[in-house]
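K.L.:
need the 3D shape of this:
(4 chains)
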Number of protein chains: 4
Amino acid sequence: MNLTELVKSATAASGFTHAAAVEVLSVEPGKVSLRMPRKPELLQFNGFFHGGAIAGLADHTAGAAATTSLPAGRIAVTADLHINFIKPANGSAITAHATTVSAGTTLCVVTVEVTTDAEHGPMVCAIATVMLRSVEAPK
Amino acid sequence: MNLTELVKSATAASGFTHAAAVEVLSVEPGKVSLRMPRKPELLQFNGFFHGGAIAGLADHTAGAAATTSLPAGRIAVTADLHINFIKPANGSAITAHATTVSAGTTLCVVTVEVTTDAEHGPMVCAIATVMLRSVEAPK
Amino acid sequence: MNLTELVKSATAASGFTHAAAVEVLSVEPGKVSLRMPRKPELLQFNGFFHGGAIAGLADHTAGAAATTSLPAGRIAVTADLHINFIKPANGSAITAHATTVSAGTTLCVVTVEVTTDAEHGPMVCAIATVMLRSVEAPK
Amino acid sequence: MNLTELVKSATAASGFTHAAAVEVLSVEPGKVSLRMPRKPELLQFNGFFHGGAIAGLADHTAGAAATTSLPAGRIAVTADLHINFIKPANGSAITAHATTVSAGTTLCVVTVEVTTDAEHGPMVCAIATVMLRSVEAPK
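P.N.:
Residues are numbered from 1 along each chain as shown, chains lettered A, B, ... in the order given. So this is what the prediction gives:
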């Protein structure tokens, strides 16, 4: 299975990203972009994307980017996540762009930029830093 | 509206917490506990609660706790969230217990402990620290 | 060497904590308290303790608490640190109280409360969460 | 006073950055680089830069970058700081490069990359995200 297929398969298989209809935009070693369309169950009471939905997309995208940086047979699972909410996320979709900063034998660090559709192009609505553990992939 | 009604109303009104059927367990000034039952769309591919679902519950509970610490007419909106995932969250529900550490005129800090149902009682699966801004409540 | 001697020795040996005259107040498995007296090189331009000094004390105390939670022959080294500055730290000393939340085979999570001397007793000036890796102790 | 003079003056005035002989490398609106030379009191017991020293440099550089993004008469003070330690910092100096991501009326977000001198050029040893409050500058 190549990297793109691996990320598509993990994204389609997960309850959260499956239910949220998350779309794989691009995958290369250490760089993954995923898109989450607007849906009522992903929003706050005021119509903006909920912090949990944004964090969930950032987390999943970071896991994908880190996994593409690891040797075959290993996957990255999140140890901690720090996210700054910068602007209300009020478009028709949000997109997370994750980049591996470091991938060691036990830990990976990934930064994520989340953008929202805006009238004049994408606008950064959140940034995150995620630390993940490298573990053996389940069979 | 008293504090419990306020939190119940905000939790029922939000797309994310409404869809996830989040239940208000207890509300007092600076202390709120909310429970999220297991549902397929809140899980990872391996059947554990997804990091985004855990972060979303922690975020919402922190917002409720901070808001109960503010003067009437003001609400707390999340500025940043840091979450450590400590154990896989694999029970029939997760519960977030949020406690306001400080509530100033512009910023609040809240700590959250998330537990999961386990055979011998609740087990901590994540801890979070959330910083929130105090803003005027929408009419 | 018992745990208290281990923490005293590591605190006296480190350039930063040695130069800052950090004092070991108490050590038990998973719980360590260290005190840092006010000194000009630890302050901001306004006379409050500098964020770096507070973070440095929190970091060192977290490392000590995590190490006391590990089997003999292993030490904890910081992977990431998140700190919220809550009140200006303006007393004659600051004290960090670190508590191990979890200590696994590869990672530990520790929470830290930092207090400053105030007229009517200690006041929380910062809280931190620190994640550390468990590694073999150098000979 | 122009921006470079402002940052030089704040860096020279602060007990911590003064004692550490921090050098201002470059200042432009929203972008500041500062360098901290190796000194015994900034190190761990193993000779690497101490996490507190790295965090302190990151914090101060973030404050400088955020302040250069604010209107005259306002300064940025740190609300929280999250730092990931990626590689041991073992050169003759570390350098922090801070970039303002957003500067609002109450809050700023700044990212920082810290590099250490290495044989073949600078190497990233830590990354940080800092959130700061905008406050009126003291006279």
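K.L.:
residue boundaries of the helices in chain A?
P.N.:
Along chain A, the stretches classed as helices by DSSP state H are A:3-13, A:15-19, A:51-68.
K.L.:
gap between the last one and the chain center?
P.N.:
Mean C-alpha position of helix A:51-68 versus that of the full chain (CA atoms, centre = their mean, to the nearest Å) differs by 3 Å.
K.L.:
dump that helix to PDB, keeping only the CA atoms.
P.N.:
Provided in PDB are the C-alpha atoms of helix A:51-68 (Å, rounded to 0.1, in the frame of the first residue of the first chain):
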ATOM      1  CA  GLY A  51     -13.000  23.500  18.700                       C
ATOM      2  CA  GLY A  52     -13.300  19.700  19.000                       C
ATOM      3  CA  ALA A  53     -13.900  19.300  15.300                       C
ATOM      4  CA  ILE A  54     -10.900  21.500  14.500                       C
ATOM      5  CA  ALA A  55      -8.800  19.700  17.000                       C
ATOM      6  CA  GLY A  56      -9.900  16.400  15.700                       C
ATOM      7  CA  LEU A  57      -9.000  17.200  12.100                       C
ATOM      8  CA  ALA A  58      -5.700  18.600  13.200                       C
ATOM      9  CA  ASP A  59      -5.000  15.500  15.300                       C
ATOM     10  CA  HIS A  60      -5.900  13.100  12.500                       C
ATOM     11  CA  THR A  61      -3.800  15.000   9.900                       C
ATOM     12  CA  ALA A  62      -0.800  15.200  12.300                       C
ATOM     13  CA  GLY A  63      -1.100  11.400  12.800                       C
ATOM     14  CA  ALA A  64      -1.100  10.900   9.000                       C
ATOM     15  CA  ALA A  65       1.900  13.200   8.400                       C
ATOM     16  CA  ALA A  66       3.900  11.600  11.200                       C
ATOM     17  CA  THR A  67       3.100   8.100  10.000                       C
ATOM     18  CA  THR A  68       4.300   8.900   6.500                       C
END
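K.L.:
now it and helix A:3-13, what's the angle there?
P.N.:
Helix A:51-68 and helix A:3-13 meet at an angle of 150 degrees, taking axes from the mean of the first three to the mean of the last three CA atoms, to 10 degrees as the criterion.
K.L.:
average pLDDT for helix A:51-68?
P.N.:
On average, the pLDDT along helix A:51-68 is 97.
K.L.:
centroid-nearest residue for chain A?
P.N.:
residue A:61 (2.1 Å; CA atoms, centre = their mean).
K.L.:
for chain A, what lies in contact range of chain B?
P.N.:
By CB under 8 Å from any CB of the partner chain, the residues of chain A that approach chain B are A:10, A:13-20, A:39-46, A:50-53, A:55-57, A:59-60, A:78-85, A:138. Quick note: C-beta positions are derived from backbone N, CA and C, even for glycine.
K.L.:
neighbours around residue A:73, how many?
P.N.:
7 (other CB atoms under 10 Å in any protein chain shown).
K.L.:
residues in contact with the residue nearest to it when sequence neighbours are not counted?
P.N.:
Distances taken as CB to CB, 6 or more residues apart in numbering or on different chains put residue A:137 closest to residue A:73, at 5.5 Å, once the chain neighbours are dropped. Neighbouring residues of residue A:137 by CB atoms under 8 Å, 6 or more residues apart in numbering or on different chains: A:73-75.
K.L.:
could I have the biggest strand by length in chain A exported to PDB, CA atoms only?
P.N.:
Once chain A is assigned using DSSP state E, the strand that runs over the most residues is strand A:123-136. What follows is strand A:123-136, C-alpha atoms only, in PDB (Å, rounded to 0.1, in the frame of the first residue of the first chain):
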ATOM      1  CA  MET A 123      -7.600  32.100   6.000                       C
ATOM      2  CA  VAL A 124      -5.700  30.600   9.000                       C
ATOM      3  CA  CYS A 125      -8.200  29.800  11.800                       C
ATOM      4  CA  ALA A 126      -6.000  27.700  14.000                       C
ATOM      5  CA  ILE A 127      -2.400  26.400  14.500                       C
ATOM      6  CA  ALA A 128      -1.500  23.300  16.400                       C
ATOM      7  CA  THR A 129       1.600  21.400  17.500                       C
ATOM      8  CA  VAL A 130       1.200  17.700  18.100                       C
ATOM      9  CA  MET A 131       3.600  15.200  19.700                       C
ATOM     10  CA  LEU A 132       3.100  11.500  18.800                       C
ATOM     11  CA  ARG A 133       4.600   8.200  19.800                       C
ATOM     12  CA  SER A 134       5.900   5.800  17.200                       C
ATOM     13  CA  VAL A 135       4.300   2.300  17.700                       C
ATOM     14  CA  GLU A 136       4.200  -0.900  15.800                       C
END
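K.L.:
who wins for proximity to residue C:128 among the helices of chain A?
P.N.:
The closest of those to residue C:128 is helix A:51-68. By CB to CB, the value is 20.5 Å.
K.L.:
how close does residue A:117 sit to residue A:91?
P.N.:
In this view, residue A:117 and residue A:91 are 3 Å apart by CB to CB, to the nearest Å.
K.L.:
output the below-cut-off pLDDT ranges for chain A.
P.N.:
Within chain A, no stretch has pLDDT under 70.
K.L.:
please redo it, this time with the cut-off set to 80
P.N.:
Low-confidence segments of chain A (pLDDT under 80): A:1, A:118-119, A:139.
K.L.:
check contacts around the residue nearest to the centre of chain A.
P.N.:
A:32-34, A:96-98, A:112.
K.L.:
neighbours of residue A:41, how many?
P.N.:
16.
K.L.:
ditto for residue A:124
P.N.:
18.
K.L.:
mind listing the residues bridging to it?
P.N.:
residue A:115 (DSSP bridges).
K.L.:
that one contacts residue A:89, correct?
P.N.:
No: taking contacts as CB atoms under 8 Å, residue A:124 lies outside contact range of residue A:89: 9.9 Å.
K.L.:
which neighbours do those two share?
P.N.:
Contact with both residue A:124 and residue A:89 is made by residues residue A:114, according to CB under 8 Å, 6+ apart.
K.L.:
picking up where we left off before, backbone phi and psi for the residue nearest to residue A:73, please?
P.N.:
phi -70, psi 140 (degrees, to the nearest 10).
K.L.:
tell me the spacing between it and residue A:9.
P.N.:
Going from residue A:137 to residue A:9 by CB to CB gives 12 Å.
K.L.:
and what of residue A:50?
P.N.:
Distance, residue A:50 to residue A:9, by CB to CB: 26 Å.
K.L.:
residue contacts, residue A:51?
P.N.:
Residue A:51 makes contact with A:44, A:83, A:85, B:55-56, B:59-60, B:78, B:81, according to CB under 8 Å, 6+ apart.
K.L.:
switch the cut-off to 6 Å
P.N.:
By CB atoms under 6 Å, 6 or more residues apart in numbering or on different chains, the contact list for residue A:51 reads B:59, B:78.
K.L.:
can you list the residues of chain A near chain C?
P.N.:
Residues of chain A lying near chain C by CB under 6 Å from any CB of the partner chain: A:80, A:106, A:131.
K.L.:
quick one: buried ones out of these?
P.N.:
The neighbour count (16 or more other CB atoms under 10 Å in any protein chain shown) marks A:80, A:131 as buried among those.
K.L.:
now, among the residues of chain A next to chain C, which is nearest to chain B?
P.N.:
residue A:80 (4.4 Å; CB to the nearest CB).
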